[in-house]
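S.K.: Please find the sequence and the predicted model below.
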Amino acid sequence: MAVHVEGVVTVLIAELADNEMRIVNCGHPSPFVFRSTRWHRTDIPPSTPIGMHDTDVVHRLPLLYGDRVLFHTDGLIEARDPSGAFIPVEWLLGPAAREREPHRAADAVVAYLARLTRDEFTDDVALLVLDIGAVRVIGDTSPQPESPSCTLRLPDLLDREVSEPARVRT
């Protein structure tokens, strides 16, 4: 009996150093950045899954102390209400803007999404909210808070083509 498996593999690799994030994105939507008082889309283009193109580009995203970066799967931006209408992602991100802790911001988005969809998700939803003010990167000599929430040791990204710095759309 032959088994045919069809599928794709997606991955997002992010490296934080020197006040920027370097991102290799294969198959995920563009991340959002929370800066000052609201969420902004980045101009990092969505990409195709692994193996569907010849090269992967490293995108550079300049960050400021206090920024938050939200990575997500397409289940967030393709969420629909019970009538079948797409739910604007700006609505979903609203509750996250009011939360001080990154994990509570992610929980607020998922809770609001569950409420608007009446717990009927049509796709998986995965979120990661990274608070730049709470992370200290080994080797980073920029000013940091006295007691960071966590410390990351991140390997260098593979030698890839590097893009121009991404912008936060305002």
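M.R.: That came in fine, so what should we check first?
S.K.: The residue nearest the centre of the chain: what's its closest spatial neighbour, skipping adjacent residues?
M.R.: With distances taken as CA atoms, centre = their mean, the residue of the chain nearest its centroid is F71 (1.3 Å). Leaving aside its chain neighbours, F71 sits nearest to L128 (4.5 Å; criterion: CB to CB, 6 or more residues apart in numbering). C-beta: built from backbone N, CA, C; applies to glycine.
S.K.: if we can go back for a sec, now do the helix or strand the residue nearest to the centre of the chain falls within: which elements does it pack against?
M.R.: Under the criterion of DSSP states H and E, F71 resides in strand 68-72. With contacts taken as 3 or more CB pairs under 8 Å, 6 or more residues apart in numbering; DSSP states H and E, strand 68-72 sits against strand 11-17, strand 32-35, helix 102-117, strand 127-131.
S.K.: Show me the contact partners of it.
M.R.: 12, 14, 21, 28-29, 31-34, 39, 61, 63, 93, 96, 102, 105-106, 109, 125-132 (CB atoms under 8 Å, 6 or more residues apart in numbering).
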